[in-house]
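> Kindly generate the corresponding structure for this input.
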Amino acid sequence: MFLNCHTYYSLRYGTFSVEALCGLAQKFEVKALALTDINNTSACMNLLKMAPEYGIKPLVGIDFRNGAQQQYVGLARNNDGFRKLNEHLSAYLHQQKNFKNTAPPLEDCYFIYPLEQMELQKRTTFSENEFIGVSVESLRKLKFSKYLRFTNKLVLLQTVSFRNKNDYNAHRLLRAIDNNILLSQLPKTEQGDYSQQMIAPEAIATAFEDYPFVLENTEAIIQNCKVEFPFGKDSVNRNLQIFGNDQQADEQQLRRLTYERIPRRYPEAGQNVLHRIEKELDAIISLGFVSYFLINLDIVEYARSRNFPYIGRGSGANSVVAYILGITNVDPIELDLYFERFINAFRNSPPDFDIDFSWKDRNDVTQYIFDKYENTALMGTYVTFKRRAVARELGKVFGLPKEQIDRLSAGYFSYNDLDEMEKLVIRYSSKIEGFPNYLSVHSGGIMILNDSVNNYAGTFLPPKGFRTVQIDMHIAEDVGIHKFDILAQRGLSKITDSIEIIKQNQPNAYIEDIENIKVFKEDPEINYLLKTGDCMGVFYIESPAMRGLFIKLQTDNYLNLVAASSIIRPGISSGGMKEEYIKRHRDPERRKQAHPVMYEIMEDTYGVMVYQEDVMKIAHKFAHLDFDDADVLRRGMSGKKNLQKDMERIEQKFHENCRKIGHPEQLVKEVWDQIASFAGYAFPKGHSASYAVESYQSLYLKRYFPLEFMVAALNNGGGFYDVETYIQEIRKCGGTVHAPHLNKSDHPNVIYGKDIYLGFGYIKELETKVVQRILENRQFYGEFTSLDDFIDRVPISIEQISILLKINAFRFTGEDKHHLLWKAHFKLNKTKAIANQALLFKPQHRDFELPQFSYSFLVEAYDQMELLGFPLCSHFELLKNPLQPSVKAKDLKRYIGKEVRIYGNLITSKTTPTVKREYMYFSTFYDMDGDIFDTVHFPQVAQKYPMRTKGIYLCSGRVVDELGYISITVQWVARQETAGDPRLEKAY
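Numbers count the residues shown, from 1 in each chain. Predicted coordinates for the structure are as follows:
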């Protein structure tokens, strides 16, 4: 009987989940209800899926509102009506317009206007599908209303937004957060009424006993509404099914393209390749995934036509058809990757291609997809309230001082020591935490459907302008919508930008075809970088943990890199398998300790399970499961809930097969237990292999064009480390880094030979429009010759030119920057409007006699720290006190097992919890020579000497050698004092 129910997907308004709504209805023995969230259909699919489990008939619709002001409630009579409501909602959300007082004339929909609105509007005519809603609270108004005579139009509209007082209080807090005001300032018009709760049907019947027609009309609407979708295993594939003219043409095209392109990948294809191709094509066609392949191929071929780099990864790397077509760049036959990991007879959803593009190119690719395919939208996702953020918002709503808010948000308090207001903040933070806060865009999911996106939900327009659906991937998959993953990363743009920079800086240099991965894999110079962990700036493998792993493994080939990319993952690492793999890799004798069955099956990984595919390999070779069943086992053990029944069957078959083979029961139990303990956090081999290909491309550029590569890395946002660390790497590679220069710099960093000039984009508070004026003027009229020449040519304020002078961008003049700064103040009037038109005649400039200014190295460094965030000199040059005797990183091998003292500039420090829930640090420094060393700080040391800020530290500890990887187990650290800012001591 409830036609207007809200969940917390009525964002910053509702207070409970769909499950809670169904549970509430079940408690009150309600047999039907309508979910009508405010301007949102995010939860409708969830209700349609869930309600039958609670014995409830679900109705879906939308509560159309302008802000908190209710205009009307729309209910879908059927699936067509649901689509029309979503289209109506989407049109207004895209244009960010207010809804009109009157609903549009949509067939297959019901519209209900609240009685209070009708009283204000004084409407007397209604179409067949329009009704007037009356709540229990508004019954007293109905008795004296002219609308009482509209007996066939009156229905029950008892809004359900809260369960109790606690919900109501949370609602008011959410409304205050949404309006960015104090709770005490929240107007009644911006909040719901406390009476908007579910009432027992008997109480409603009693309240409306004098108006039985109201309930009869309501029941008639309920009976006439039915929206339904099949979910889970009953769902149908709703992705675009026909790529070209018809299904048969698609199948022929896929076969033709595959066989035409075999020579590009396999010049001498043997029977093993041809047999694999036929097996895959048969499966792709019989399972109806042809269009999925052709759409992905279409996307990557568009990218190739625009010279956009891309990486095809995910389980798609297990397909030889995908490799031959060019969707992926990993040879599954070389790596013994099972196709069944990608597609098998038990899979009712499309396979998984993740396609990475440069962050610069993804929008273009996305636009192509939207232009070509009609029923397209980005996948939505919900950003939820986090505890710290909620505490901060509630602190503001309650009007607490900033100090209290900071303390509550950080969690540094004892609950018993809090006052009543602070306890309210914590109490309601816990309640609101996890609520959806706002709708956002999935990181890469795109829907390409057979039918309208609005059949399933409304859409909104995020800032980039691609319509985005109001449901997330989980419920979308349940109803048969499977996303295409079009992702962005910066590693690819590092590669393409490096090549462009090389062509500009070294026009005569030979650059190997970046797709010629075979050459890179076999290059000993490139593999030496891996072996020594010299990978800073290289996508995916530059972290200190990876560097240490490479040194321990002595990684010097592609297959070792693929394995390293997998065993570094948290699950395998914490399970002890990483250490065992390293030891067996380094010591062939230790491999004899492997379980004989495991070693026989996984000889290439020394009997250690490293990849998800290893689960399939054991299931197939040990228990003689076919690969289809083996993949079900892998997915089931990885936590796929919808495979529970299949898992019971597979487990039974696993044990039955083992008994038939004659394996001892104890052996079967051991193998099963190892599979179970590993599968939940295993990593796909194809994924590691895909990223390893990109890593080799970057390694080639880093080895042979290190300066250009590092400039490209910086221009693409760096990576794991901060800007200053990459600048240090440039110096280590023989480059000289200069501050921004008026005649040399661009917005990004530029390189001339071995000289790198930082870009104007690094200068804090320098306005983008000023940078544009400088670059445009320099392009059209040539380099600037003096301060006067610059002032004549570029409209600029004294504040903005002062920034350029402080960073010494005018050093080409040969004059001291302090001298120029005084001149600029004399020549530029602060109050004078900036003219955008070039001067027809240059004015005569008067020079000024100024005193001689002294140069200070420290002033320069502090100006750079203020404007760039870091100095361009070494931090060691800025220390207040002289260094004590110490060792350097390059000498640590001579001190293994001994105690040393070493100075280091902190690069990064990772905080890691121990099994006792204490914290320890893994830190990375570089020394005076720019060489890197690592330290380990166990909990007792970490607590006594916290690493909270960057800077120079004197580290004291014992040198440890772990399979060639040198580190220092720290006993104490002392942060070194930096010389004070001389600008604060005297005027310059």
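
> Now do the residue nearest to Arg123 when sequence neighbours are not counted against Gln70, distance only.
In this structure, Arg123 finds its nearest non-sequential neighbour in Tyr113, 7.7 Å apart by CB to CB, 6 or more residues apart in numbering. Bear in mind the C-beta positions are built from the backbone N, C-alpha and C, glycine included. From Tyr113 across to Gln70, the span is 9 Å (CB to CB, to the nearest Å).

> related to what we said a few turns ago, I'd say the residue nearest to Arg123 and Val134 touch.
No. The criterion here is CB atoms under 8 Å, and Tyr113 misses it with Val134 at 10.6 Å.

> Now for Ile486: which residues touch it?
299, 355, 357, 362, 365-366, 369, 444-446 (CB atoms under 8 Å, 6 or more residues apart in numbering).

> same thing but at 6 Å, please
355, 444, 446 (CB atoms under 6 Å, 6 or more residues apart in numbering).

> count of neighbours near the last one?
Read that as Ile446. The number of residues packed near Ile446 is 21, by other CB atoms under 10 Å.

> again with the second one
With neighbours defined by other CB under 10 Å, the count for Gly444 comes to 20.

> Look at it and give its secondary structure.
Of the three states, Gly444 takes strand under DSSP: H, G, I helix; E, B strand; the rest coil.

> Just give the nearest non-adjacent residue to it, would you?
Leu487 is the one closest to Gly444 (CB to CB, 6+ apart), at 3.7 Å.

> Just checking: what are the partner strands of whichever strand or helix holds that neighbour?
According to DSSP states H and E, Leu487 maps onto strand 484-489. Strand 484-489 has these partner strands in its sheet, going by DSSP bridges: strand 354-358 (parallel), strand 436-448 (antiparallel).

> same for the helix or strand hosting the residue nearest to Arg123, what does it pack against?
Tyr113 belongs to strand 109-114 when assigned by DSSP H and E. Here strand 109-114 is seen to pack against strand 69-76, helix 79-95, strand 130-134 when contacts are counted using 3 or more CB pairs under 6 Å, 6 or more residues apart in numbering; DSSP states H and E.

> And the strands in the stretch 151-300 of the chain, which stretches?
154-156 (DSSP state E, counting those that start in this stretch).

> same question, the stretch 501-650 of the chain
Under DSSP E, counting those that start in this stretch, the stretch 501-650 of the chain gives no strands.

> Is Gly957 in a helix, a strand, or coil?
Assignment for Gly957 (three-state DSSP): strand.

> show me the contacts for it.
Gly957 touches 968-971, counting by CB under 6 Å, 6+ apart.

> now it: how far from Gly270?
From Gly957 to Gly270 the distance is 57 Å (CB to CB).

> next one: Ser695
Applying CB to CB to Ser695 and Gly270 gives a distance of 29 Å.

> next one: Ala692
25 Å.

> which of these two has more neighbours?
For Ala692 versus Gly270, neighbours defined as other CB under 10 Å are more numerous around Ala692 (26 against 9).

> tell me the contacts of the more buried one?
561-562, 565 are the contacts of Ala692 under CB under 6 Å, 6+ apart.

> give me that answer again for 7 Å
558, 561-562, 565 (CB atoms under 7 Å, 6 or more residues apart in numbering).

> Quick one: mean pLDDT for the lengthiest helix in the chain?
For the chain, the helix with the greatest residue count under DSSP state H is helix 685-704. The average pLDDT within helix 685-704 is 92.

> ditto for stretch 408-422
Mean predicted confidence for stretch 408-422 is 86.

> Pull the distance from stretch 257-268 to the chain's centre.
36 Å (CA atoms, centre = their mean, to the nearest Å).

> swap that for stretch 160-179, sorry
30 Å.

> what's that stretch in contact with?
2, 4-6, 12-16, 24, 182-183, 186, 190-192, 194, 196-198, 393-394, 397, 428, 431-432.

> buried residues in that stretch?
160-163, 167-179 (16 or more other CB atoms under 10 Å).

> With stretch 298-308 instead?
Applying 16+ other CB under 10 Å to stretch 298-308 flags 298-300, 303, 308 as buried.

> Identify the residue spatially nearest to Asn808, adjacent ones excluded.
Lys817 (5.0 Å).

> How confident is the prediction for the one you found, by pLDDT?
Predicted confidence (pLDDT) for Lys817: 89.

> contacting residues for it?
805-806, 808, 810.

> Which single one of those is nearest to Ala824?
Distance to Ala824 across the contacts of Lys817 (CB to CB) is lowest for Leu805, with 6.2 Å.

> Which helix or strand contains the closest one?
Per DSSP H and E, the secondary structure element for Leu805 is helix 798-806.

> and if you look at Gly61?
strand 57-66.

> what distance separates that strand from the centre of its chain?
31 Å.

> lowest-pLDDT helix or strand in this protein?
In the chain, no helix or strand scores lower on mean pLDDT, DSSP states H and E than helix 570-574, which sits at a mean of 63.

> Give the buried residues for the helix or strand hosting Gln404.
Here Gln404, judged by DSSP H and E, is contained in helix 402-410. Buried residues in helix 402-410, defined by neighbour count with 16+ other CB under 10 Å: 404-405, 407-409.

> So of the residues you listed, which two are at opposite extremes in space?
Gln404 and Ser409 (9.5 Å).

> Cross the buried residues of stretch 298-308 against helices and list the overlap.
Secondary structure from DSSP H places 298-300, 303 of the buried residues of stretch 298-308 in helices.

> coming back round to it: between the strands paired with strand 484-489, which one is nearest to Lys141?
strand 436-448 (34.0 Å).

> could you check the angle helix 79-95 makes with the closest one?
110 degrees (axes from the mean of the first three to the mean of the last three CA atoms, to 10 degrees).

> Quick check: next helix or strand after strand 436-448?
By DSSP H and E, the next helix or strand past strand 436-448 is strand 459-460.

> For the helix or strand that comes right after that next one, give the mean pLDDT please.
Going down the chain from strand 459-460, the next helix or strand is strand 468-469, by DSSP H and E. When pLDDT is averaged over strand 468-469, the result is 96.

> Same question for stretch 910-929.
90.

> just how off-centre is it within its chain?
25 Å.

> Pull out the buried positions in that stretch.
Here stretch 910-929 shows 920-928 as buried, counting by 16+ other CB under 10 Å.

> between these, which is nearest Arg793?
Of these, the one sitting nearest to Arg793 (CB to CB) turns out to be Tyr926, at 41.8 Å.

> Quick check, that closest one in contact with Thr908.
No. Counting by CB atoms under 7 Å, Thr908 is not a contact partner of Tyr926; they are 10.7 Å apart.

> Pretty sure Leu614 sits against Met602.
Quick fix: residue 614 is Asp, not Leu. Yes. The pair Asp614 / Met602 is scored as a contact, 5.8 Å apart, by CB under 7 Å.

> Check the ones in helices among the buried residues of stretch 298-308 against Arg341 and report the nearest one.
Nearest to Arg341 among those, with distances taken as CB to CB, is Val300, at 20.8 Å.

> which one is Ile796 nearest to, not counting chain neighbours?
Ile796 sits nearest to Val770 (CB to CB, 6+ apart), 6.0 Å away.
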